[in-house]
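Visitor: Need a 3D model of the following:
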Amino acid sequence: MGKDDVLVEEDLFDASRRHAVRIVRRMDNLLKSHGLNPGDVDELYVSAGPGSFTGTRVGITVARTMAQVSHSLKVVAVSTAQAIARNAEDLDWRHLGVVMSSKDNQVYAALFERRDDEAVLTCPGEMVDAADFLARSPRPILLIGEALDHVELSGEGVSHAPRDLFLPRPGGVWHIGRRESSAGHFTDDRQLLPIYPRKPEAQRLWENKQ
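Guide: All right, here's what the predicted structure looks like:
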């Protein structure tokens, strides 16, 4: 949670289960601890994905609901890849690869380059073969993201960020959201949709039967 350009408090918690119940309760407690109500929130920054189907969907649903209830609320959809790249801000790197959502040796990967101490996106995120992604990535490169727990990505000029930086943090989402807000980049709640690295399993199975 922030006020103006200052991050006031960052609430970290494990939402791997009962996402909807826990996130709403934690948001309510956070606001109350600062003497605020939901109606006092002017802007909301939400990690729009890619991420887990359930977690991303719940986050987007909560953001859309709040925006529909409070018509003055402005929403920023933050790229999860950019939020993770923010975790590497204090590390030494020139090129950064954010790798997420691995399955069958496929990863959702995005490339960043450091320019004036800022992570600038040079290759938008896409689902790619892990080996192909690494082969065409510039060197030296620092890799970060939860796919590193499941896929072997190593070689000359390749290093890994500490594991505790693999997932997006509320503070990172807030900083990216604040930057986008200052540039006037808001998302209408009717256009606020989760970004998935691939189609849900049920949809893929249904399409295969047609």
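Visitor: Run through the residues that contact the residue nearest the centre of the chain.
Guide: Taking Cα atoms, centre = their mean as the criterion, Thr80 is the residue nearest the geometric centre of the chain, at 1.6 Å. Counting by Cβ atoms under 8 Å, 6 or more residues apart in numbering, Thr80 makes contact with Ser47, Ala48, Gly49, Pro50, Gly51, Thr56, Met100, Pro168, Ile195. For glycine as for every other residue, the C-beta is placed from the backbone atoms N, C-alpha and C.
Visitor: Which members of the residues you listed occur in strands, if any?
Guide: Ser47, Ala48, Gly49, Met100 (DSSP state E).
Visitor: can you pick the most crowded of those?
Guide: Ranked by neighbour count (other Cβ atoms under 10 Å), those have Ser47 at the top, with 28 neighbours.
Visitor: just checking, that residue touches Val62?
Guide: No - look at Ser47 against Val62 with Cβ atoms under 8 Å: they stay out of range, at 11.4 Å.
Visitor: can you give me the strands in this structure?
Guide: With DSSP E as the criterion, the chain has strands at 2-3, 6-7, 43-49, 74-79, 95-103, 106-115, 118-129, 141-144, 158-160.
Visitor: Compare the ones you listed and give me the one nearest His34.
Guide: Between His34 and the strands of the chain, the shortest separation by Cβ to Cβ is 8.7 Å, and it involves strand 2-3.
Visitor: From the chain's centroid, how far away is that closest one?
Guide: 19 Å (Cα atoms, centre = their mean, to the nearest Å).
Visitor: quick one: strands adjacent to it?
Guide: Each strand that pairs with strand 2-3, with its direction, by DSSP bridges: strand 6-7 (antiparallel).
Visitor: residues in contact with the partner strand?
Guide: Strand 6-7 is touched from outside by Met1, Gly171, Trp174, His175, with contacts defined as Cβ under 8 Å, 6+ apart.
Visitor: Going along the chain, name the helices of the protein.
Guide: For the chain, applying DSSP state H gives helices covering 19-33, 53-69, 80-87, 130-135, 170-182, 201-209.
Visitor: what's the distance between Ser154 and Leu143?
Guide: Distance, Ser154 to Leu143, using Cβ to Cβ, to the nearest Å: 9 Å.
Visitor: Give me the nearest residue to Glu113, chain neighbours excluded.
Guide: In this structure, Glu113 finds its nearest non-sequential neighbour in Thr122, 4.9 Å apart by Cβ to Cβ, 6 or more residues apart in numbering.
Visitor: out of the helices of the chain, deepest packed?
Guide: When these are scored by mean count of other Cβ atoms under 10 Å, the highest mean neighbour count falls to helix 80-87 (a mean of 26).
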